[in-house]
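Q: Return a 3D structure for these sequence lines:
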Amino acid sequence: FLSNYFRNYQDIFLLVLAVSFSFILSSLRHNRVTISTMRILLLAFVVVTFSILSLVNCFIPDGAKNIGLISRVDNEKKQQQSSSILHASMPPMIIGPMIRKIKAANEKKKLPMADQAESQNEAAGLRVGGKSWKWPPVWPYDQGTFEAFADVEQAQAAEKRKALASLASGGMTQQLPGDDAPVPAEDDTITKFDPIKFWGEEVATEATDISSEAVYNLKSHYAFYLKDGMSILELGAAEQSYMPDSLKLERHVGIGLSQKMMDKNPSLTENYSVNLNDVEEEKGVKSEALRQLSSKPFDAIVMANTVDFLTNPREVFKSCWYLLKPGGTMIVPFMNKEAYKDTFGKAQTKMWNTYNDDQHMWVLGSLFQFSAGEGWANLRGFDISPDDAKSIDNQGPLSFLQGGKNGKNTNMFVVQADRAAQDEDISTEDPEQSFKSKMWMLPTMESRDKQLIAPRLKRAYEQINDPDYLGKQVEYLPVIYESLIKMDQFSFTFNMQAQLATNLVTDTAFCGNEEQILALKQGLGLRKASKEFWEPVGRLTGAMDAEDKINLLTYIVPRFGSGDAKQEAALDAFVNGMQPTFSYIKERFPELQAADVQLLGTELLASELLQSHQHRVSPEKFAAWLGVMENQELLTILEDRKRIKQDAVSDLKQFREIKAELKRKEEEKQEKLKNQLETARKERTLDFNPGTGSFVVAEKPKE
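A: Below is the predicted model:
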């Protein structure tokens, strides 16, 4: 009975076990072993026996449960669960299955996430291969994630003081009339952590204590990837670099904040004092020394036990990409967060103090990914911990039940990647990859945006007559996205943003100047619309779909900021011609919806009035041409335009085909236009009145 009962209530049973042991020890200590006590002891030992059986059952593999008492008890349990209503309604065991799950999960953690092919030609300890990393589409951290832990503690202490002060005053936070103004306590002043003072003064002579076993493993790892004659840049340099003893480097430059410790380092050929936490957002470290060093890139960069102190790590990794030769390797070793916490914990970041070793490795991998994307190749992670290091599964309150070894905090890991080569020109064989490489280091844009734009640029590249300029136009994407990222809160999808950005940079007139960006913001509604242009454009195109408005923006925005008086006049003609054009189309096609009328009208106006000066027509010519257009011709233009929107996959291709066809027939159209103008003089048609800015019915000339 006890066996069956307690096996179903194992968690309660363990509590009874603990109480029983305490009672036994107390009785023996005070010599109170009476007959009644012995009865209790006997019951306690019965409880102990069945508890041990139950716990042992948690750790025995299923295949081994085929003999003896374990098998019999297990079978009885299964029979009871299927036949006994009482026991079927009892809650299942909690502790035993939970322990088994923890053990299974930890065993899975120990398995390397790399196949055999990835392990070839790599150093020992490969744990995460290049195929195993998974990333979110955007930068997943807020600034507080990498805040110095000293600042985090100060902020938390200040909040506690405020809460206590509020309680002490009965929750009154407002000053009563007549009260003296409160003087802030000195402790309430939060002094931001100063890395220069910390590393240059407070711990200027403190050495990094690493076990000899960990040093040996790190040197062995370096020896596998670093070769004689290389030039090495070391970030976070101190008194030791842990380079292999036999390694002969051409150049070894150290970057750090402890000048005294760098001067003691026998490996360094030169060193510079640089604050790696002083950065230009999304661009890199603000340092003249690093800028000069980038003129002669390095074969490898090492940054041992330094990433845990970086408050802006993405910018540091961006700088490292520029400082490496194509094909060069960046190696980032790090240790368990407890390894030197007592000495340098004040400078470690919040992330480093709250995440475990596995999470640290993932974060480091993400820093490679979100600093240059595919600009880093062959990303991999290693576990090079010494044999006496603490097991990664020996964590948490139940670690004593998991069988993990209680070792030292000498765990050491490495995350590294190689700098990929960036295409200088657009490859005709793989233009999409070339465009991706040109966007690797562009700021502002998320990885998601770059992935959406690359195939669109490829399609544009394949369909335009002069594609060479497109590679240079890519540099204008960040200034476009500075406006587009503000549209995330509206119903402006990422695909729509990518299409708008692509259309803008494929226009040769777009150069991202201030007037064009202001026009883009006004067109998107991010700035107050100008009364002369954007206000009437917005009012008159209210029925159009968002996709059609995007296309209209790509016509209009590049026309601003040209400094060409004729181009400015063309913009005026466009906005002044919208209402009369819409009215004329509605008169000829009463059955058309307002959205179609506006779509057709803006398409005609933009394609004729806003073209480059070689192909641009005057308002008078446009009015005459529109007046003699056949109904079927106009409907064909509308259907062609709508077909582009309906097929999202081939929309850009179809649009470019139409534009290419129009360009090829430009000379024919000009000749045809002359004939139509001659016909317009003889027959009743439209004319443009520059004084009123509207179309009027022209009088038929008298014979």
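Q: Strands of this protein, start to end?
A: With strands called from DSSP state E, the chain shows them at 126-128, 231-235, 251-256, 270-273, 279-280, 284-285, 298-302, 324-335, 376-383, 412-419, 686-689, 694-697.
Q: could I get the ones you listed as a markdown table with mean pLDDT, distance to Leu477 and mean neighbour count?
A: In short, each C-beta sits where N, CA and C put it, glycine included. As requested, those are exported to a markdown table (pLDDT from 0 to 100; distance: least, C-beta to C-beta, whole Å; neighbours: other C-beta atoms under 10 Å):
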| stretch | mean pLDDT | distance to Leu477 | mean neighbour count |
| --- | --- | --- | --- |
| strand 126-128 | 93 | 32 | 21 |
| strand 231-235 | 98 | 29 | 24 |
| strand 251-256 | 97 | 31 | 22 |
| strand 270-273 | 96 | 33 | 16 |
| strand 279-280 | 96 | 19 | 18 |
| strand 284-285 | 96 | 18 | 25 |
| strand 298-302 | 98 | 28 | 24 |
| strand 324-335 | 97 | 23 | 20 |
| strand 376-383 | 96 | 20 | 21 |
| strand 412-419 | 97 | 22 | 25 |
| strand 686-689 | 54 | 38 | 18 |
| strand 694-697 | 54 | 39 | 15 |
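Q: Residue ranges in the chain under the pLDDT threshold?
A: Residues of the chain meeting the criterion pLDDT under 70: 1-111, 169-190, 391-407, 488-491, 612-616, 644-667, 669-703.
Q: so where do the helices sit in the stretch 551-700 of the chain?
A: 565-588, 594-609, 619-628, 631-646, 651-664, 666-682 (DSSP state H, counting those that start in this stretch).
Q: Could you give me the buried positions within the first one?
A: This points to helix 565-588. Neighbour counts using 16 or more other C-beta atoms under 10 Å place 567, 570-571, 573-582, 584-586 of helix 565-588 among the buried residues.
Q: which of these lies closest to Gln116?
A: Comparing the buried residues of helix 565-588 against Gln116 with C-beta to C-beta places Gln567 closest, at 62.7 Å.
Q: How about the closest one: what's its closest non-neighbour residue?
A: Arg559 (5.8 Å; C-beta to C-beta, 6 or more residues apart in numbering).
Q: Now for that neighbour, how many residues are close by?
A: Neighbourhood size, Arg559 [other C-beta atoms under 10 Å]: 25.
Q: quick one: contacts for it?
A: Going by C-beta atoms under 8 Å, 6 or more residues apart in numbering, Arg559 touches 509, 567, 570-571, 610.
Q: Now tabulate the residues you listed in TSV and tack on distance to Gly284.
A: Below are the contacts of Arg559 laid out as TSV (distance: C-beta to C-beta, whole Å):
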residue	distance to Gly284
Ala509	31
Gln567	38
Ala570	42
Leu571	39
Leu610	39
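Q: Show the end-to-end separation of stretch 506-518, please.
A: Counting by C-alpha to C-alpha, to the nearest Å, you get 19 Å between the two ends of stretch 506-518.
Q: List of residues touching it?
A: Outside stretch 506-518, the residues within contact range by C-beta under 8 Å, 6+ apart are 457, 460, 464, 466, 469-470, 473, 476, 479-480, 482-483, 504, 527, 554, 557-562, 612.
Q: Please indicate which of these are buried?
A: Among the contacts of stretch 506-518, those classed as buried by 16+ other C-beta under 10 Å are 457, 460, 464, 470, 473, 476, 479-480, 482-483, 504, 554, 557-562.
Q: what's the nearest residue to Leu484 if we skip its chain neighbours?
A: Gln497 (4.5 Å).
Q: Thought Met487 was touching the one you found, still the case?
A: Yes - counting by C-beta atoms under 8 Å, Gln497 does reach Met487; the two are 6.5 Å apart.
Q: These two: which has the busier surroundings?
A: More neighbours surround Gln497 than the other of Gln497 and Met487, with 23 against 18 (other C-beta under 10 Å).
Q: residues touching that one, list them.
A: The contact partners of Gln497, taken as C-beta under 8 Å, 6+ apart, are 449, 452, 481, 484, 487.
Q: wait, which of the strands of the chain is closest to Glu547?
A: strand 694-697 (28.1 Å).
Q: how close does the closest residue to Ser287 other than its chain neighbours sit to Leu367?
A: Using C-beta to C-beta, 6+ apart and skipping the chain neighbours, the partner closest in space to Ser287 is Val274 (4.7 Å). Distance from Val274 to Leu367, counting by C-beta to C-beta, to the nearest Å: 18 Å.
Q: higher neighbour count, those two?
A: Higher neighbour count among Val274 and Leu367: Leu367, with 25 against 21, using other C-beta under 10 Å.
Q: Let me know whether the more buried one touches Pro313 as I believe.
A: Yes - using C-beta under 8 Å, Leu367 is in contact with Pro313, at 5.1 Å.
Q: residues shared between the contacts of those two?
A: Residues touching both Leu367 and Pro313 (C-beta under 8 Å, 6+ apart): Val307.
Q: Name the surrounding residues that touch stretch 593-607.
A: 540-541, 543-545, 548, 552, 555-556, 574, 577-578, 581-582, 585-586, 589, 592, 622, 626, 634, 637-638, 641-642, 662.
Q: How about stretch 310-323?
A: For stretch 310-323, contacts defined as C-beta under 8 Å, 6+ apart pick out 139, 146-148, 233, 235, 276-277, 279-285, 287, 290, 293-294, 297-298, 301, 303, 307, 330, 349, 367-368, 370-372, 375-376, 419, 440-441.
Q: count of neighbours near Gly130?
A: Counted by other C-beta under 10 Å, the residues lying close to Gly130 total 14.
Q: Would you confirm that it contacts Arg380?
A: Yes - using C-beta under 8 Å, Gly130 makes contact with Arg380 at a distance of 5.9 Å.
Q: Contacts only, for Ile196.
A: Shown in contact with Ile196 (C-beta under 8 Å, 6+ apart): 257, 275.
Q: State the distance from it to Ser258.
A: As judged by C-beta to C-beta, Ile196 and Ser258 stand 10 Å apart.
Q: just to revisit the earlier point, tell me which of the strands of the chain sits nearest to Lys162.
A: So among the strands of the chain, strand 279-280 is nearest, using C-beta to C-beta, at 31.3 Å.
Q: Show residues contacting the closest one.
A: Residues contacting strand 279-280 (C-beta under 8 Å, 6+ apart): 285-286, 312, 315-316.
Q: now stretch 118-130
A: Contacts for stretch 118-130 (C-beta under 8 Å, 6+ apart): 112-115, 131, 217, 220-221, 224-225, 361, 365, 377-384, 413-414.
Q: if you set the cut-off to 10 Å instead, what comes out?
A: For stretch 118-130, contacts defined as C-beta atoms under 10 Å, 6 or more residues apart in numbering pick out 109-117, 131-132, 217, 220-225, 358, 361-362, 365, 377-385, 412-417.
Q: start to end distance for that stretch?
A: Stretch 118-130 stretches 8 Å from its first residue to its last (C-alpha to C-alpha).
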